[in-house]
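In: How does the following fold in three dimensions:
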Amino acid sequence: MSSGQSPSDNPPAVLTIDLDALRANYRLLAKTASGARCAAAVKADGYGMGMIAVSRALAGAGCDCFFVENPGEGVALRAALPDATIYIVKGYYCDGPEVFLHHALRPVLVTAGQVAGWLEVIAAQGPLPSILKVNTGMNRLGLDETDTRALAADDSAMKSLSPDYLMSHLAFSEDPDHPMNNQQRRKFDELRSLFPGLPATLAGSGGVMMGSEYHYDMVRPGVGLYGGNPFSGRPNPFAEVAHLEGKILQLREIDSGDSVGYGATHRASGPARIAIVGVGYSDGYGRGFDNRGTGILNGIKVPVVGRVSMGSVAVDVSECPTGSIAVGDYLTLLGHGISLDAASGASGRSPYELLTSLSQCTGRRYVGQAEGV
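Out: Residues are numbered from 1 along each chain as shown. Down below sits the predicted model:
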């Protein structure tokens, strides 16, 4: 393996997460947004990197506020970080407040119905924290303008609700020059003026890097923490966190015209040496890499050939010197020379989708000073 170490059982697919790189990325984001609280999005199992491990590492870097997808993630994170502030981005489902109350989870309220339901809980339980999310043009989760204005005009409701922040989300943060960013920011400022004194949060990773006018009182980076490039087509300011490697399970020689894999989508143009590597779509290395992926073996880039199978992928290692590779060697498929941007472009999947899919890889290991991992 690239680090010179292997898990004791030497699994065929290994996802290595660099916690030192994760913390460095957090510190860069926090420094860039200096003056604003820097939270962390750890939803979808910490973007596939392992929510508990990455959250503990981020807490070690000074993060005390986390955003997760649903109450189940919130319960698991609360057990690991008893003192953290934990927000549930899908909000309060109005099917019983017990899990929110018992585990001190805070909903991001995204509809008028959720607001009404949470106000009922407050009426019964007393003051409870939340975030109020408004739609500023992305048209995903968030109160529409009519409901936002109606709520702002309801002094009794707002006094009872007393949210922690007003929140929205940028639709084009990967393109800092897109005019919709300014349009959304202006709309956010307009709606924010209806709630005097209420702290605000708008920026994820891209928004943090777009400038102080997007920082407000709190930022909530996600993909940048895990090494994802917040801007398409620009240099990535963040360190690599995820490294995917696969063990060579078999080496074979094939003749000109021989096919490789399901559907015979690749045929050798001449004699070739093929390595069968123990990484497949069940590990999150998906079918988008069919005949398009790249591996690195002993510093040499080698192409994926044929279709990706459930638990394996074929790689043409003909360019590697004879005798330089053997069954049991590990080949890199992500990181250490294969950037997340490059892998994303090859697979046709966004960096977000690519990272989160790696949560399926059962051979997960951590490097760096993993406090509490």
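
In: Show the residue spans covered by the helices in the stretch 101-250 of the chain.
Out: 112-125, 145-152, 155-161, 179-192, 205-209 (DSSP state H, counting those that start in this stretch).

In: right, and those helices - which one's nearest Ser350?
Out: Ser350 sits nearest to helix 205-209 of all the helices of the stretch 101-250 of the chain, at 12.9 Å, using C-beta to C-beta. All C-beta atoms are positioned from the backbone trio N, CA, C, and that covers glycine.

In: what's that closest one in contact with?
Out: With contact meaning C-beta atoms under 8 Å, 6 or more residues apart in numbering, helix 205-209 is reached by 29, 32-33, 170, 173-174, 176, 214-215, 219, 221-225, 228, 230-231, 237.

In: Tell me the gap between it and the middle of its chain.
Out: In terms of C-alpha atoms, centre = their mean, to the nearest Å, the centre of helix 205-209 is found 14 Å from the chain centre.

In: State the mean pLDDT of that helix.
Out: For helix 205-209, mean pLDDT rounds to 96.

In: And the closest residue to Ala152 other than its chain neighbours, how close does it get to Met158?
Out: What sits nearest to Ala152 in space, not counting adjacent residues and going by C-beta to C-beta, 6 or more residues apart in numbering, is Leu194, at 3.7 Å. Using C-beta to C-beta, to the nearest Å, Leu194 is found at 10 Å from Met158.

In: Can you get me a residue count around the spatially closest residue to Val260 that is not a sequence neighbour?
Out: Once flanking residues are discounted, Val260 sits nearest to Gly306: 3.7 Å by C-beta to C-beta, 6+ apart. As a burial measure, Gly306 scores 21 neighbours (other C-beta atoms under 10 Å).

In: Give me the buried entries from the contacts of helix 205-209.
Out: Buried by 16 or more other C-beta atoms under 10 Å: 29, 32-33, 170, 173-174, 176, 214-215, 219, 221-225, 228, 230-231, out of these.

In: Give me the subset of those residues lying in strands.
Out: The strands, defined by DSSP state E, take in Val219 from those.

In: For the residue nearest to Ala152, grab the count of nearby residues.
Out: Counted with other C-beta under 10 Å, the neighbours of Leu194 add up to 16.

In: Okay, now the unreliable bits of the stretch 1-150 of the chain?
Out: 1-9 (pLDDT under 70).

In: For it, just list every one of the strands.
Out: Using DSSP state E, counting those that start in this stretch, the strands found in the stretch 1-150 of the chain span residues 13-18, 37-38, 40-41, 65-68, 85-88, 106-109, 131-133.

In: For the last one, which helices and strands make contact with it?
Out: So the one you mean is strand 131-133. If you count contacts as 3 or more C-beta pairs under 8 Å, 6 or more residues apart in numbering; DSSP states H and E, strand 131-133 packs onto strand 106-109, strand 165-167.

In: Return the list of strands paired to that strand, each annotated with direction.
Out: Within its sheet, strand 131-133 is paired with strand 106-109 (parallel), strand 165-167 (parallel), according to DSSP bridges.

In: Output those strands as TSV; include the columns distance to Ser256 and mean neighbour count.
Out: Formatted as TSV, the strands paired with strand 131-133 follow (distance: least, C-beta to C-beta, whole Å; neighbours: other C-beta atoms under 10 Å):
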stretch	distance to Ser256	mean neighbour count
strand 106-109	59	25
strand 165-167	60	25
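
In: Now render those strands as CSV, adding distance to Thr294.
Out: Listed next are these as CSV, based on distance: least, C-beta to C-beta, whole Å:
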stretch, distance to Thr294
strand 106-109, 39
strand 165-167, 39
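
In: Glu190 is nearest to which of the ones you listed?
Out: strand 165-167 (11.5 Å).

In: so how far is the closest one off the chain centroid?
Out: Its chain's C-alpha centre and that of strand 165-167 lie 21 Å apart, by C-alpha atoms, centre = their mean.
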